[in-house]
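K.L.:
Here is a sequence with its predicted model. Questions after.
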Amino acid sequence: MSKTLIAILGVIGLLLVIALIIVGWVTSTYNQLVSLDEMVNQAWSQVENQYQRRYDLIPNLVETVKGYAKHEREVFTQVTEARAKVGQITITPEVLKDPQAFARFQQAQDALSSALSRLLAVAENYPQLKANENFLQLQAQLEGTENRIAVERRRYNEVVQRYNTYIRRFPANIIAGMFGFKERPYFRAVEQAQEAPKVQF
């Protein structure tokens, strides 16, 4: 064999090794992106499970309070309307990648939380209701669900933070851009949460 042929075969071998390294890196990075994307979707499904639990508890809670507080129609209407708006919004993993759709979902959930707070405040005015075993159980379940929602939202934000950090880091950001992996939105506190509550005695 001539020296030229050996040199050409050496260069080809080197190029093949480099190509295999690049393909291996791209494959590894892509698989990591898919894994993180699925972790975000799984964390989101846990958030949705807790929202569904709350959504299912609301009719029973409203009916129990209605039995005692018949003239509180405005509060019942607000809760019913807020629940209906939440029921109309479905967030799939694809829609979850859209920050505007995610913001609409969060606004609807925040409105429902606010309406539920007003409903529970109405219940404070009715001592017989506060002593009702069914109401107390529903209230405890709702409070537990709200705590679970907070925990799952925190876990979701942690997973989103890992995902967003990974897709923004070089050189993974090149692969993320090539395959359409985009940043995911975080749950944020409602604007009113930044204001100190007014306490009056």
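P.N.:
Nice, I can see it. Source: prediction; values computed, not measured.
K.L.:
isn't residue 159 right next to residue 40, touching?
P.N.:
Yes. In this structure, residue 159 is within contact of residue 40 by Cβ atoms under 8 Å, at 5.3 Å. Backbone N, C-alpha and C define where each C-beta goes, glycine included.
K.L.:
For the longest helix seen in the chain, name the packing helices and strands.
P.N.:
Identified as the longest helix of the chain according to DSSP state H is helix 3-68. Other helices and strands packing on helix 3-68, by 3 or more Cβ pairs under 8 Å, 6 or more residues apart in numbering; DSSP states H and E, are helix 73-88, helix 93-96, helix 99-123, helix 127-131, helix 133-168, helix 172-178.
K.L.:
Can you say which of those helices is nearest to residue 16?
P.N.:
helix 172-178 (21.3 Å; Cβ to Cβ).
K.L.:
now that closest one, how far from the chain's geometric center?
P.N.:
How far helix 172-178 lies from its chain's middle: 24 Å, per Cα atoms, centre = their mean, to the nearest Å.
K.L.:
What are the contacting residues of it?
P.N.:
Here helix 172-178 makes contact (Cβ atoms under 8 Å, 6 or more residues apart in numbering) with 26, 29-30, 32-33, 166-168, 181-182.
K.L.:
Please point out which parts of it sit buried.
P.N.:
For helix 172-178, a neighbour-count test (16 or more other Cβ atoms under 10 Å) marks 172, 175-176 as buried.
K.L.:
still on that earlier bit, between residue 159 and residue 40, which contacts overlap?
P.N.:
Counting by Cβ under 8 Å, 6+ apart, nothing touches both residue 159 and residue 40.
K.L.:
OK, contacts around the residue most central in space within the chain?
P.N.:
When Cα atoms, centre = their mean is applied to the chain, the residue found nearest the centroid is residue 44 (4.6 Å). Contacts were defined as Cβ under 8 Å, 6+ apart; by that measure residue 44 touches 91, 93, 96, 156.
K.L.:
What of residue 34?
P.N.:
Not one residue lies near residue 34 by Cβ under 8 Å, 6+ apart.
K.L.:
how close does it get to residue 41?
P.N.:
Residue 34 sits 10 Å away from residue 41, going by Cβ to Cβ, to the nearest Å.
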